[in-house]
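Engineer: Kindly generate the corresponding structure for this input.
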Amino acid sequence: MKDDGQVPAPQPAINRLAGTTVVADTQPLFAEGVRAMIDGADEFTVVSCVSTIADLHESVERAKPAFAVLDMKLEGGSSFEQLSRIRSASPETKIILLAAELDAAAAIDAVRHDVHGLLLKTMPTDLLIACLRKVAAGGRWVEMRSLGSAIERMLATDQAQQSAKALLSDRELEMVRFVCRGLRNKEIATRAHVSEGTVKTHLHNIYQKVGVSSRLALMRVAQERGWVAEHAD
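Structural biologist: Numbers count the residues shown, from 1 in each chain. Model (predicted):
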């Protein structure tokens, strides 16, 4: 190889302290696997690997890490319940949640709680490091397919509720939910703290507004329009 006399440009030093990370997962073996994965990346280092909520908070308060990588369902409570305490102890810590499974409600909760990253545990392992790098650069990482599905469901639910509230009063909606649970007029009256006559009046008005003439038809319309869960308790 020809020596042109040029000195290679020095590579920037990697500041591993800038990537300090606390890992918390209820399964110690999984947590240790995450630790090894993160420690294998040049710019990150795990300063604590824990499996309980108490140890998580102790580690965050002591280390003030750049990142906290948390199992969404920690022993004794969810990670969402711990966020305010983590942020109070270490405001600069960026939080990444790992979920065994992710439904619409969980994805929306993650967005509402302003987490920086959200990953499924079933995703390829290299995506965790990609997530950390994106978050370190000021971005956010949320598993987009799950989030997209969650947003679609949320919008559909919101639209259904707006449709119901435009047609029926809050009291009438309550009566619809009771009917969809299979309650008789006497049971509805007891739960709603009204007389059976008042229940009958409400149902008569609801039937007229919705354009039905029976409980079964009302239940079918309510479920089709998303006013109540398909299998209400």
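Engineer: Could I get the full set of strands for the chain?
Structural biologist: Assigned by DSSP state E, the chain shows strands spanning 20-24, 45-50, 67-71, 73-74, 77-78, 94-99, 117-120, 141-142.
Engineer: Any stretches of this protein with poor pLDDT?
Structural biologist: For the chain, the stretches flagged by pLDDT under 70 are 1-18, 76-78, 102-105, 108, 143-161, 163, 228-233.
Engineer: And it, what are its domain boundaries?
Structural biologist: 16-147, 168-224 (automatic domain parsing).
Engineer: Give me the most central residue, the chain.
Structural biologist: A centroid search over the chain (C-alpha atoms, centre = their mean) returns residue 106, at 2.5 Å, as the residue closest to the centre.
Engineer: Can you tell me how far that residue is from residue 62?
Structural biologist: In this view, residue 106 and residue 62 are 29 Å apart by C-beta to C-beta, to the nearest Å. Just so you know, the C-beta spots here come from the backbone N, C-alpha and C atoms, and that holds for glycine as well.
Engineer: so which of the domains of the chain is the most packed in?
Structural biologist: Counting by mean count of other C-beta atoms under 10 Å, domain 16-147 has the highest mean neighbour count of those, with a mean of 17.
Engineer: Quick one: distance of that domain to the chain centre.
Structural biologist: Chain-centre distance of domain 16-147: 13 Å, with C-alpha atoms, centre = their mean, to the nearest Å.
Engineer: cool, stretch 180-198 as well?
Structural biologist: With C-alpha atoms, centre = their mean, you get 35 Å for stretch 180-198.
Engineer: now do the same end-to-end measure for it.
Structural biologist: By C-alpha to C-alpha, to the nearest Å, the extent of stretch 180-198 from end to end equals 18 Å.
Engineer: tell me the contacts of residue 81?
Structural biologist: If you count contacts by C-beta atoms under 8 Å, 6 or more residues apart in numbering, residue 81 has none.
Engineer: Now do the contacts for the closest residue to residue 215 other than its chain neighbours.
Structural biologist: Leaving aside its sequence neighbours, residue 215 sits nearest to residue 179 (C-beta to C-beta, 6 or more residues apart in numbering; 5.5 Å). Residue 179 makes contact with 188, 203, 215, 218, 219, 222, according to C-beta under 8 Å, 6+ apart.
Engineer: Same list (these) but as a markdown table, adding distance to residue 134.
Structural biologist: A markdown table is the format used below for the contacts of residue 179 (distance: C-beta to C-beta, whole Å):
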| residue | distance to residue 134 |
| --- | --- |
| 188 | 52 |
| 203 | 54 |
| 215 | 53 |
| 218 | 49 |
| 219 | 47 |
| 222 | 43 |
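Engineer: From those residues, which land in helices?
Structural biologist: Residues of the contacts of residue 179 located in helices (DSSP state H): 188, 203, 215, 218, 219, 222.
Engineer: quick one: which of those residues is nearest to residue 58?
Structural biologist: Here the nearest of these to residue 58, counting by C-beta to C-beta, is residue 222; it sits at 49.2 Å.
Engineer: Go ahead and confirm that closest one touches residue 180.
Structural biologist: Yes. With contacts defined as C-beta atoms under 8 Å, residue 222 counts as touching residue 180 at a distance of 5.6 Å.
Engineer: do you know how far residue 197 is from residue 27?
Structural biologist: Counting by C-beta to C-beta, the gap from residue 197 to residue 27 is 57 Å.
Engineer: follow-up on the earlier one: I'd like the strands of the chain laid out as JSON lines, including distance to residue 58.
Structural biologist: Formatted as JSON lines, the strands of the chain follow (distance: least, C-beta to C-beta, whole Å):
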{"stretch": "strand 20-24", "distance to residue 58": "10"}
{"stretch": "strand 45-50", "distance to residue 58": "8"}
{"stretch": "strand 67-71", "distance to residue 58": "13"}
{"stretch": "strand 73-74", "distance to residue 58": "14"}
{"stretch": "strand 77-78", "distance to residue 58": "16"}
{"stretch": "strand 94-99", "distance to residue 58": "17"}
{"stretch": "strand 117-120", "distance to residue 58": "23"}
{"stretch": "strand 141-142", "distance to residue 58": "27"}
